[in-house]
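>>> Let me see the structure of the following:
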Amino acid sequence: MAVAARKPRTRKSHVLMDGAHPPELKQKAYDLFAQGYGYRTCARQLGISIYTARDWNRHYNNGTFEPETGYRRRRRFFTDEFKREIATAYLNGNVSINQIAQQYMVTRRSVTQWVEKFKEELTKEG
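I've put the predicted structure just below:
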């Protein structure tokens, strides 16, 4: 039985050399999502991976999809004043770490670290 020769993989014309998709393609996807189309239809119409379209659709639904860049993944930085405020809120009692994390939209781990960092300082003040 003869084995069929594999077709060499070729780079899709709409994918840039660094693997990123051009902003024009992302804008078309954004427009399709805005019209109510799902990610499968978007993938078929634009000739992109269904997984890429799915990821873009998830970010679109979350409000974090930007056609120029795809989606935001910016690291957030918090001032010591903000961290101290959160630690104070926890140490004053009546509120759990989970409640504070949800209220301030930060992770529970961050809250725990900030409480440990400022615990000694805040207990001396209070």
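>>> Just the strands from the chain, written as ranges.
Here the chain has its strands, by DSSP state E, at 65-66, 70-71.
>>> Of those strands, which shows the lowest average pLDDT?
Among the strands of the chain, strand 70-71 carries the lowest mean pLDDT, at a mean of 59.
>>> for this structure, where's the lowest mean pLDDT among helices and strands?
When each helix and strand of the chain is scored by mean pLDDT, DSSP states H and E, strand 70-71 comes last, with a mean of 59.
>>> Tell me who's in contact with A87.
A87 makes contact with 111, 114-115, 117-119, 122 under the criterion Cβ atoms under 8 Å, 6 or more residues apart in numbering. (Each C-beta comes from the backbone N, C-alpha and C, glycine too.)
>>> Against Q102, how distant is L32?
Applying Cβ to Cβ, to the nearest Å, the value for L32 to Q102 is 33 Å.
>>> where does the chain dip in pLDDT?
Within the chain, the ranges that satisfy pLDDT under 70 run 1-19, 69-74, 125-126.
>>> ok, and what's touching the longest helix seen in it?
For the chain, the helix with the greatest residue count under DSSP state H is helix 108-125. With Cβ under 8 Å, 6+ apart as the test, helix 108-125 has contacts from 78, 83-84, 86-88, 90-91, 97-98, 100-101, 104.
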